[in-house]
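*Asks:* here is the input, now give the coordinates:
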Amino acid sequence: MKLSSVIPWALLLSTATLVSTESDEDTRKCGGVHRNFSGRISSSFSWGPKCTWTILLKSGYTVVLTIPFLSLNCNEEDVEIIDGPPDSTTFGNFCSGGPLVFTSSSNVMTVKYHRSSNQPVSPFDIFYYERPSATSDSTDRLSFKDKNLCGDLYEEEYGVIYPYLGLHTECLWTIKMDPGHKIVLAVYDLHLNCDKESLEIIDGPPESSSSLKFCDKPYLEYASCTNTMIVKYTRMPNHPVPNFLLTFRRVL
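*Replies:* Residues are numbered from 1 along each chain as shown. Below is the predicted model of the structure:
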């Protein structure tokens, strides 16, 4: 790290316990500091040629960051993911591919976006959430299964579900933890046609009566009362397939 950046970062890290409420406007700003335990960065046509975001979590946590799909003009723009403050080791520069998943070695991660002045900003979304650092020794604990699966069983401590629904009109994902634990599920960018499709969250096995249905929520977080959670998506035939992202984590 450069000497000139030591003092500002010491001051910034000392405020890590603060939590701010992230608005949709915040997610589209060209740069800034994100302190929420989960959130997203969404591209905006108003961005300048260089944007830098720092994700700063509470001490004792690491950052899990995922880019579901990236399709930039590789000759003119890219996204750089850095493990720590801006001057730290980089994971690399990326312009295409997905899903991409990165786990930080500390409670800080930096994202940089670069483009040439004559290149319009390409659309993309970046999602992140916190993860206790005690489990950060192995990325094998992070579940990020084949995106072509319309439903599956998840039994890992943490995970990301990026649905690929294909021609299916109904998909069912089951999340199951060890007895004594519960589940926190986060849903990002859920913008469904409320007359033709819905996402249902069932607290417990499929036959449970405790359930909630949603169709239009920019961000939703739901904590289970049991160690099992079912996520069910249904739509009418021939209705266009939407894009949304789910993350889950185990809690006591």
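
*Asks:* run through the stretch 101-250 of the chain and note the low-pLDDT ranges.
*Replies:* Filtered on pLDDT under 70, the stretch 101-250 of the chain yields the residue ranges 134-149, 163-167, 209.

*Asks:* quick one: the helices in it?
*Replies:* Here the stretch 101-250 of the chain has no helices by DSSP state H, counting those that start in this stretch.

*Asks:* just the strands in it please.
*Replies:* Under the criterion DSSP state E, counting those that start in this stretch, the stretch 101-250 of the chain contains strands at 108-115, 125-132, 142-143, 153-154, 158-161, 170-176, 182-191, 197-203, 211-214, 216-223, 228-235, 245-251.

*Asks:* I'd like the ones you listed laid out as a markdown table, including distance to residue 36 and mean neighbour count.
*Replies:* In short, each C-beta sits where N, CA and C put it, glycine included. A markdown table is the format used below for the strands of the stretch 101-250 of the chain (distance: least, Cβ to Cβ, whole Å; neighbours: other Cβ atoms under 10 Å):
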| stretch | distance to residue 36 | mean neighbour count |
| --- | --- | --- |
| strand 108-115 | 13 | 22 |
| strand 125-132 | 9 | 21 |
| strand 142-143 | 19 | 17 |
| strand 153-154 | 23 | 16 |
| strand 158-161 | 17 | 22 |
| strand 170-176 | 22 | 18 |
| strand 182-191 | 11 | 19 |
| strand 197-203 | 21 | 19 |
| strand 211-214 | 20 | 13 |
| strand 216-223 | 10 | 14 |
| strand 228-235 | 22 | 21 |
| strand 245-251 | 13 | 21 |
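
*Asks:* out of the ones you listed, which is closest to residue 39?
*Replies:* For residue 39, the closest of these is strand 125-132, at 6.1 Å, according to Cβ to Cβ.

*Asks:* so who does residue 197 touch?
*Replies:* The neighbours of residue 197, taking Cβ atoms under 8 Å, 6 or more residues apart in numbering as the test, are 215, 233, 234, 235, 236, 239, 242.

*Asks:* wait, which of the residues you listed is closest to residue 40?
*Replies:* residue 242 (16.1 Å).
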